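Colleague: here's my sequence, what's the structure:
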Amino acid sequence: MKILNYYRKALSYFSILVFSTLLSTLISGNFNMEIHGFFDILILIIGLSIFLGTLFFVYDTYIGPNQRIKKLKTDKFTDFRKVGFKTEKDYLIGKINGYTVIISYSWRNRNGTESLITIILFDPRIDGKHLNSYDLNKWQESIKDDYNYWEYGRLFTDWPYINGNPNLKSVLKKLDKNTKLISRKGLQKIEFLEWETEIKNHIN
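Modeller: A predicted model of the protein is given here:
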């Protein structure tokens, strides 16, 4: 992910936090800030966004991969190797019902907590046509599970540790269910290298 995306995320977070606070004080009638005070807050938001954005970028780029490798050596992940998954760089890769599956550790998921993540890969082309955002949004709306996310060429599942440590049995059960869901939608299996090439071409 480009460093600018980290700045945008941090800026968005602080902007929402600060302006929601300002709005609440305005509604309560306690708002008495002058224009220079507003600019001071704006500078503070930008400064904190740059600081935290850089911090998260450095962690994800330089520290994160090593931490993920360490996590793969813990019992939680070694159990997956016993059922056929293999270590590849800083993630595990294997097959469930013929679909390629990636299992990894995330120190900071969408909600800012650590989690185990699983990614089922599929060919994002149906009858030669590429999936579009309408298809993905329609499938996402039909999901009742808050931790499943349809993305281009993959079904991403987040297992936050805050909900209790996910075990081998529960993860494999969900992967079996999700691969069958993907199959019912007519989405074909794809090997990792082919999938990676397709994703890069799609982005470019």
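
Colleague: contact partners for the residue nearest to residue 71 when sequence neighbours are not counted?
Modeller: Counting by CB to CB, 6 or more residues apart in numbering, residue 105 is the residue found nearest to residue 71 once chain neighbours are left out, at 3.9 Å. (Each C-beta comes from the backbone N, C-alpha and C, glycine too.) Contact criterion CB atoms under 8 Å, 6 or more residues apart in numbering gives 67, 68, 71, 72, 77, 114, 115, 116, 117 as the residues in contact with residue 105.

Colleague: burial measure for the first one, as a count.
Modeller: When you say that, I think you mean residue 67. The criterion is other CB atoms under 10 Å. On that basis, residue 67 has 16 neighbouring residues.

Colleague: right, and residue 96 touches residue 173 too?
Modeller: No. The criterion here is CB atoms under 8 Å, and residue 96 misses it with residue 173 at 10.4 Å.

Colleague: okay, these two: which has more neighbours?
Modeller: Neighbour comparison, residue 96 and residue 173: the larger count goes to residue 96, with 21 against 11 (by other CB under 10 Å).

Colleague: buried stuff in stretch 96-114?
Modeller: Buried residues in stretch 96-114, defined by neighbour count with 16 or more other CB atoms under 10 Å: 96, 99, 100, 101, 102, 103, 104, 105, 106, 109.

Colleague: helix/strand/coil for the last one?
Modeller: Right, residue 109. Under the three-state scheme (DSSP: H, G, I helix; E, B strand; the rest coil), residue 109 adopts coil.
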